[in-house]
Every structure is written in structure tokens, then in C-alpha cells.
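Enquirer: need a structure here:
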Amino acid sequence: MRIDVITIFPDYLAPLDLSLIGKARTRGLVDLRVHDLRAWTHDNHNSVDDAPFGGGAGMVMKPQPWAEALAAVLDDGRAELGADAAPVLVIPGPSGAPFTQPQAHALAEVPWLVFACGRYEGIDERVHEHAREDLGLDTRVVSLGDYVLNGGEVAVLAITEAVVRLLPGVVGNEASLVEESHEGGLLEYPVYTRPARWTAPGSDVERSVPDVLLGGNHAEIARWRYAQRLARTAERRPDLLSAHEASRADGAR
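Expert: Below is the predicted model of the structure:
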């Protein structure tokens, strides 16, 4: 997979050199390139923003640097991947559709992603239109949640990790991906490790691992884990539980 990130803060993406994502880059499982939007500015101050039409607080990112940046990234990518290659353009923003685990799986099937990191009040809307209509890109505005960040870089870090970890060979034990939170529409069950009985420092309460996990009966463990997933989802995310039950009902018909 190739990933291009366009931002005015390239150093913000440095954590992508760490942990499993960094190892995936070293092993050639993902080709991740970060581009400074200011490279496509032409004034002495390398300015990328201006005041919004219609008034209001804040600044808006100008369309021209973005158009030139997208053109350059597309030319470079197509020189490597082929003249017909077309990336999915992901623009993080609070006005986008919520990013979900199914979307992570869908993006993991895409050979080329381009992220556009907005700042200030966002990117001039005409850039979105240009990408969709003139460049013919599958353009998706996505949101991490119902809150506002200073820019898209944090979202790119999260989305990239969510997607790249699903690529074959990135996670050592791929079976660990199957029963995670949001796989199958439910949250993950509680997990435990040694010792089987543990007392926290300064506490006089001994806490034990549930007996079912110590007995070695894998069928019982599977039933317990599924029940725990249902209970945890009902408590913390009842909206997910409703969707899960509807999906199971559809599958039974």
C-alpha cells in the first residue's frame, strides 16, 4: 500500500516511524510519504490561508496550494503505480462521516491512499469539488468523533494505524484481529494475564481471574467471551448492540 500525507506540519507524522507501523514501513509493507503543503506556495511567507468570504472568525486554507500539491502527488504516484492509478482521497474533519472499523477494513483493500490534513477553519470547499469532479478521485471526508481538533494530523495518525495494522503481515498474530472491539459489531471481552490471583499495592482485596478462563474448556470460554462482549456493548455502546442484533436477525432469515 502507498500512503501520501499532505500537511503543513510534516513532523507531526513522525510517530508513524514507531512500533508496528514503523516496522511495516521498514519491511516494505507500506510506502508512506509525507509532503509539506508549503512547498507549493509562491509568496515570501509561504502562506496557505486567508480570511473567509462572508466574514467570521478564523482562516481558511487556500485552494491553489492544494490543487498543485494534489497534482504533484498524483503525478508521482502514477509514475510508480501506473497512469490509471487513482487514490482514495481522505480528508479528516469534524463535518465528515464517522470513521468505523468497517471503513478501516475497506481502506485496507485500497492500494493507494492520499490524506489531506486541513487546518484552521478547513480547506476551501472548491478543493473538494476539484478533487471529485476534475481529478475524478473518490473523496471521503471522515471524522474521528463528535469533537473538534486543531487539524487533521491526529486523525491521520489514528486512521493510518487502524488501516495499516489490517494489512497482511503487519500484526504478527493475525488471529488477534478477529475478536477485537468493533469486529462483528461488538466491543471486546475483558482480558487477563498472570498471576491468576492478584492484590494491588496498598490494597487488601485479592482479585481473581474468572474461573472459566482457568478450566481449559474452550467451548465454555468462547460462550463466556461472547456473553461478556454482549454485556459490555450493552453497557457502553447500546447503539452498537442494536445494530449487531439487527445484523444477526438478517442473517437468520
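Enquirer: quick one: contacts for the residue nearest the centre of the chain?
Expert: With distances taken as CA atoms, centre = their mean, I159 lies nearest the centre of the chain, 1.4 Å away. When contacts are counted by CB atoms under 8 Å, 6 or more residues apart in numbering, I159 touches V90, P92, F99, A104, L107, F115, V142, L144. In short, each C-beta sits where N, CA and C put it, glycine included.
Enquirer: look at the fifth one and report its pLDDT.
Expert: Pointing back at L107 there. Note for L107: predicted pLDDT of 98.
Enquirer: same thing with L186?
Expert: 89.
Enquirer: is the closest residue to it other than its chain neighbours in a helix, a strand, or coil?
Expert: In this structure, L186 finds its nearest non-sequential neighbour in R229, 4.2 Å apart by CB to CB, 6 or more residues apart in numbering. When classified by DSSP: H, G, I helix; E, B strand; the rest coil, R229 comes out as helix.
Enquirer: low-scoring stretches of the stretch 1-150 of the chain, by residue?
Expert: Low-confidence segments of the stretch 1-150 of the chain (pLDDT under 70): none present.
Enquirer: could you give the backbone dihedrals for P98?
Expert: When read as degrees, to the nearest 10, the backbone of P98 gives phi -60, psi 140.
Enquirer: for the nearest residue to it once chain neighbours are set aside, the count of nearby residues, please.
Expert: Take P98 and drop its neighbours on the chain: the residue closest to it by CB to CB, 6+ apart is S143, 5.6 Å away. Counted with other CB atoms under 10 Å, residues neighbouring S143 total 17.
Enquirer: residues touching S143, list them.
Expert: With CB under 8 Å, 6+ apart, S143 has these contacts: P92, G93, P94, S95, G96, A97, P98, F99, A155.
Enquirer: where's the residue nearest to the centre of the chain relative to V142, distance?
Expert: Using CB to CB, to the nearest Å, we find I159 at a distance of 7 Å from V142.
Enquirer: show me the common contact partners of those two, please.
Expert: With CB under 8 Å, 6+ apart, I159 and V142 have common neighbours V90, P92, F99.
Enquirer: does I3 belong to a helix, a strand or coil?
Expert: I3 is classified as strand under three-state DSSP.
Enquirer: what's across from it in the sheet?
Expert: L32, L113 (DSSP bridges).
Enquirer: surely it and L32 touch.
Expert: Yes: proximity of I3 to L32 meets the contact threshold set by CB atoms under 8 Å, at 4.6 Å.
Enquirer: more neighbours: which of the two?
Expert: I3 (26 against 20).
Enquirer: tell me how far that one lies from R33.
Expert: In terms of CB to CB, I3 sits 7 Å off from R33.
Enquirer: contacts for the helix or strand encompassing I21 next, please.
Expert: Per DSSP states H and E: I21 is located in helix 19-26. Helix 19-26 has contacts (CB under 8 Å, 6+ apart) with 16-17, 30-32, 160-161, 164-165, 167, 169-171.
Enquirer: just the CA atoms of that helix, as PDB, please.
Expert: C-alpha atoms of helix 19-26 as PDB (Å, rounded to 0.1, in the frame of the first residue of the first chain):
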ATOM      1  CA  SER A  19       6.000   0.400  16.600                       C
ATOM      2  CA  LEU A  20       4.200  -1.900  14.100                       C
ATOM      3  CA  ILE A  21       3.700   0.900  11.600                       C
ATOM      4  CA  GLY A  22       7.400   1.800  11.600                       C
ATOM      5  CA  LYS A  23       8.300  -1.900  11.200                       C
ATOM      6  CA  ALA A  24       5.800  -2.200   8.300                       C
ATOM      7  CA  ARG A  25       7.500   0.700   6.600                       C
ATOM      8  CA  THR A  26      10.900  -0.800   7.100                       C
END
